[in-house]
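In: return a 3D structure for these sequence lines:
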Amino acid sequence: MQKLALAAAALLFSISAAAAQTTTPPAATTPAAKETKAKPKTPAKARSAESIECSKQADAQNLHGKERKKFRAKCMKDMKKKS
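Out: You can find the predicted model right below:
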C-alpha cells in the first residue's frame, strides 16, 4: 500500500514539474526577423468613379458579402452601359 502511495506521489510530482516548464520562443519570431521576411506590399489600384459610386450605393443599402458583390457587379455593368 505504501509503495502504491509513493508511486502515485512520484507520478503527480513529475507531471506537475513537466507542466510547469516553459519554452523560450524561437529566435525567428523577433520583430527584426519578421521585417526581413515580409513581402513588399503592392500599391492599391486606383478605383474608377463607377466603382466608388456603386460602393456608396451598396453602403447605403447596408449590403454585405455575396449580395454586395452581386449588386456592385450589376451596378458597374449598368453604369458602363450609360457611358
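
In: any chance you could map the helices in this structure?
Out: Along the chain, the stretches classed as helices by DSSP state H are 2-20, 31-37, 49-60, 65-82.

In: show me what the last one packs onto, helices and strands only.
Out: For helix 65-82, the helices and strands in contact under the criterion 3 or more CB pairs under 8 Å, 6 or more residues apart in numbering; DSSP states H and E are helix 49-60. (Glycine included, C-beta is placed from N, CA and C.)

In: just the angle between the helix it packs on and helix 65-82, please?
Out: With axes from the mean of the first three to the mean of the last three CA atoms, to 10 degrees defining the directions, helix 49-60 sits at 140 degrees from helix 65-82.

In: and the nearest residue to R68 once chain neighbours are set aside, what does it touch?
Out: Leaving aside its sequence neighbours, R68 sits nearest to A58 (CB to CB, 6 or more residues apart in numbering; 4.9 Å). If you count contacts by CB atoms under 8 Å, 6 or more residues apart in numbering, A58 has them with R68, F71, R72, C75.

In: and which of these is nearest K45?
Out: Distance to K45 across those (CB to CB) is lowest for R72, with 15.2 Å.

In: one step back: rebuild the contacts of A58 as CSV, extending it with neighbour count and distance to E50.
Out: Output for the contacts of A58, formatted as CSV (neighbours: other CB atoms under 10 Å; distance: CB to CB, whole Å):
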residue, neighbour count, distance to E50
R68, 16, 15
F71, 16, 13
R72, 18, 10
C75, 17, 8
